[in-house]
Every structure is written in structure tokens, then in C-alpha cells.
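Enquirer: Show me the folded form of this:
(one chain, ligands or ions: 1)
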Amino acid sequence: MLRAIRRILALALPCLLAACATAPRETTTAKDTSKTFTTVVVDAGHGGKDNGAYRNFGGAEKIATLDVAKRLEQKLRESQLKTVMTRSSDVFIPLEQRVAIENSQKNPIFVSIHFNDSRKRGIHGFETYYHSPISRDLADRIQQKLMTIPHSANRGVHFASFRVLRLARYPAVLVECGFLSNRREGGDARDSEYRELLADRIAEAIVEQRYGPGVYRGTAHAATPPPAEGPSPGLVPTTLKQN
Ligand SMILES: [Zn+2]
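Expert: Next comes the predicted model:
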């Protein structure tokens, strides 16, 4: 009898352990709102005492992220989506608080805006990160839309354990909008019209993710390729122009 019980325990224990190992993940698994979301939490990376990356070409990352985030928010609002900013000025917001802001919304997704940095100045291109598989679609779509920007380089969509992604209870992605350490992309990051373009492509991806292709009308003129000689006039709403 005892031997039989031992045998059952020996068989059952690994199963129980396996269940324990996966259980916490399952309970914290994000709710898939990737096709039904009504609110977009727009997260401007860094801020306040946290500059993020800082390079001569691109300046402080926190400035560029805030500007792109504000432009993105405006475009999403114009597309009838509710928005929440984790910060809308140059203030320091701890990562936990950013996650808390997202997790306290009804039916949200989370999009974090960053710029990249490398010791190798030649490295350039866009990267988009996700943690939960339910965020993968959105990450792919954002990356795809960014790649429609002329001269863009694709550094891919990757899994990452960044806290703002790992702790999110809803789909969450982090976009690296180019390298401040690269002469061209750093220069682009300082350019308000280029930031407008970044925001436009990310907004288009988000609206497409929610409502399907062809619905995004935020800046219809920006969807056509800009002329070879510089960006088209009127791309930047005067209300948003900041230098
Ligand atoms: Zn960053």
C-alpha cells in the first residue's frame, strides 16, 4: 500500500511541480485586447532626471520620446481612440508606475516610445519589442509600418523582458525609433517633421490593428511617399510644432 502511494506521489509530483511552474504565468497572462482595445496608453520613455540615451547627434532621448508620444496621442485621438499618457511633460516616472497606469485602464493596449543607442555609430534601424505572445501582432504591424519610412532599416521584432512589457496585463509593445548614436537617425530624431512621420506610422499601425486596413485617416497625405526633395509641406500640424 505504502509502496503504491509512494509510486503515485512519485508520478504526481513532477506534474504538480510542472503545474506550479506554469501556473503563475497563466494567472498573470495578459488579457488579449489586441483587437478590441478602446484605450491606448502612450508611454514616452524616460523623463526628468532620466535622460535615457544622450548623444550629440540626437540629443536627449527623453525629449524625442515625449515629442513622438505627444504626436502619436494626438493622431490616435483624431482616430477616435481614447488615450492616456504616462507622462506629458519632462518628469521622472518610475517603471512600476508606468505599468500601474496601463494596468488600471479598461480595455487598453500599451505602446512605449524609445530611441536606441549603441557604441557603434554605424548601427541603425528600427526595433520593436514584445513579451506576451498576444502582443506579437501589434509589434509586427508597427515594425512593418515603420519600414515604409524611406531609408529605414529593419532590425526586427524581438521578445524582451523589459519591466513595462513583462508586468503588463494587456498587450504591450516597446518601439525603438532609431539610434541616437547614428549620425543620420540621430539627426532625424531632432527633426520635428521626421518625428511626425514616426508618430504617423505608429498611429497607422495601431488603428489598423484595431479597425483593419484603410481606416486610418489621421494624415492621409503622409501615407503617400514624401517627395524626393524633402518632406511635403503641411505634414506637421502647427499646433504641435515644437523646437
Ligand atoms: Zn530608452
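
Enquirer: drop to CA atoms for contacts and neighbour counts, all remaining ones
Expert: Will do.

Enquirer: quick one, helices of the chain?
Expert: Under the criterion DSSP state H, the chain contains helices at 2-28, 61-78, 95-103, 136-146, 163-166, 183-189, 192-211, 220-223.

Enquirer: Now do the second one: which elements does it pack against?
Expert: In terms of contact count using 3 or more Cα pairs under 8 Å, 6 or more residues apart in numbering; DSSP states H and E, helix 61-78 is assigned the packing partners strand 39-44, strand 82-85, strand 108-116, helix 192-211.

Enquirer: at 7 Å instead, please
Expert: Contacting helix 61-78 under the criterion 3 or more Cα pairs under 7 Å, 6 or more residues apart in numbering; DSSP states H and E are the following elements: strand 39-44, strand 108-116, helix 192-211.

Enquirer: Turn the ones you listed into TSV, including mean neighbour count.
Expert: TSV is the format used below for those (neighbours: other Cα atoms under 10 Å):
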stretch	mean neighbour count
strand 39-44	25
strand 108-116	27
helix 192-211	23
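
Enquirer: Quick check: which of those is nearest to residue 68?
Expert: Closest to residue 68 of those, according to Cα to Cα: helix 192-211, at 5.5 Å.

Enquirer: Touching that closest one from outside, list them.
Expert: 35-37, 68, 71-72, 75-76, 138, 141-142, 145-146, 188-189, 215-216, 235-236, 241 (Cα atoms under 7 Å, 6 or more residues apart in numbering).

Enquirer: can you check stretch 101-114 too?
Expert: Contacts to stretch 101-114, defined as Cα under 7 Å, 6+ apart, come from residues 33-34, 37-45, 65, 69, 86, 168-177.

Enquirer: pLDDT averaged over it - what is it?
Expert: When pLDDT is averaged along stretch 101-114, the result is 97.

Enquirer: Next: stretch 213-232.
Expert: 56.

Enquirer: cool, stretch 32-52 as well?
Expert: On average, stretch 32-52 scores 97.
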